[in-house]
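1. Next comes the sequence, and after it the predicted model I'd like to discuss.
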Amino acid sequence: MTAAIANERLRKRFAKWDLDGSGRLERSDFEKEAVQIVQAFGKNTDGAEAQSVQDALTGMFEYLAGEAGTTAGGSLSEDEFVRVTQKLIFEDGEEQFNRVLGPLVRSIVGLCDKNDDGKIDAAEFASWLTAVGVDRSQAAEAFVNVDTDANGELTVDELLAAVRDFHFGRLDVELLG
């Protein structure tokens with residue numbers, strides 16, 4: 001993948017998370033994103049599922065801010081975010097990527113997994129995509145591309161691989177909304 005594609009996707013992610021439009025990512029942006037995701041699923045923002053999403057997103061912010069060398073309560077510029085995230089994706093390896101993004105993927109699976117089997121089906125995946133801002137009409141095609149073993153269910157591992165492959169440019173399915 002070209003650096004241009006990676007930068008474009010990371011800058012789009014930055015813009016999505018910069019909820020207050022300040023040009024900097026702050027912990028509060030990630031807290032607000034958690035509330036928006038939980039509300040998009042029609043869940044209680046005070047419940048355990050909401051707390052899981054909140055913890056995952058703020059944990060991700062703390063990781064990114066720490067890697068950028070910001071002080072506690074600091075913020076990230078777009079360039080800092082791109083640099084740190086590129087390092088996570090392209091240099092730190094799959095295990096570290098999964099450690100940082102895994103809690104978020106698991107928490108979102110928890111929101112949309114209606115039968116609590118730890119996997120999501122096509123309808124549940126469509127709910128996920130809609131909740132993060134992707135047009136629902138793209139869900140069926142996206143599901144087929146993400147369901148690598150074609151068993152009609154997505155595991156956390158498949159979803160993490162899809163996010164990773166999207167950022168590597170190996171998956172051209174809209175996941176950002």
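-> Structure's in. What do you need? Numbering: from 1, shown residues only.

2. tell me the phi and psi of Gly21?
-> phi 70, psi 20 (degrees, to the nearest 10).

3. for Leu154, same thing?
-> phi -110, psi 130.

4. in stretch 6-15, what counts as buried?
-> Within stretch 6-15, the residues that count as buried by 16 or more other Cβ atoms under 10 Å are Ala6, Arg9, Leu10, Arg13, Phe14. Just so you know, the C-beta spots here come from the backbone N, C-alpha and C atoms, and that holds for glycine as well.

5. check contacts around the first one.
-> Residues near Ala6 by Cβ atoms under 8 Å, 6 or more residues apart in numbering: Gln86, Ile89, Phe90, His167, Phe168, Gly169.

6. Next one: the closest residue to Arg24 other than its chain neighbours relative to Phe61, how far apart?
-> What sits nearest to Arg24 in space, not counting adjacent residues and going by Cβ to Cβ, 6 or more residues apart in numbering, is Ser75, at 4.0 Å. From Ser75 over to Phe61 the distance is 9 Å, taken as Cβ to Cβ, to the nearest Å.

7. Neighbour count: the two, which is higher?
-> Phe61 (23 against 20; other Cβ atoms under 10 Å).

8. Surely the more buried one is in a strand?
-> No. Going by DSSP: H, G, I helix; E, B strand; the rest coil, the assignment for Phe61 is helix, not a strand.

9. Please, where are all the helices along the protein?
-> Along the chain, counting by DSSP state H, helices occupy 3-17, 27-40, 48-68, 78-86, 94-112, 122-131, 139-146, 156-168.

10. From the contact counts, what lies against the last one?
-> Using 3 or more Cβ pairs under 8 Å, 6 or more residues apart in numbering; DSSP states H and E as the contact test, the elements touching helix 156-168 are helix 3-17, helix 94-112, helix 139-146.

11. quick one: contacts for the residue nearest to Arg24?
-> Ser22, Arg24, Leu25, Glu26, Ala65.

12. Show me the beta-bridge partners of it.
-> Bridge pairing for Ser75 (DSSP bridges) gives the partners Glu26.

13. In terms of pLDDT, where does it sit?
-> Turning to Ser75, the model gives it a pLDDT of 92.

14. repeat for Leu104
-> Confidence score, pLDDT, at Leu104: 91.

15. Against Asp29, how distant is it?
-> In terms of Cβ to Cβ, Leu104 sits 14 Å off from Asp29.

16. what would the contacts of Ala6 look like in JSON lines with neighbour count?
-> Shown next, in JSON lines, are these (neighbours: other Cβ atoms under 10 Å):
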{"residue": "Gln86", "neighbour count": "16"}
{"residue": "Ile89", "neighbour count": "22"}
{"residue": "Phe90", "neighbour count": "14"}
{"residue": "His167", "neighbour count": "24"}
{"residue": "Phe168", "neighbour count": "15"}
{"residue": "Gly169", "neighbour count": "14"}
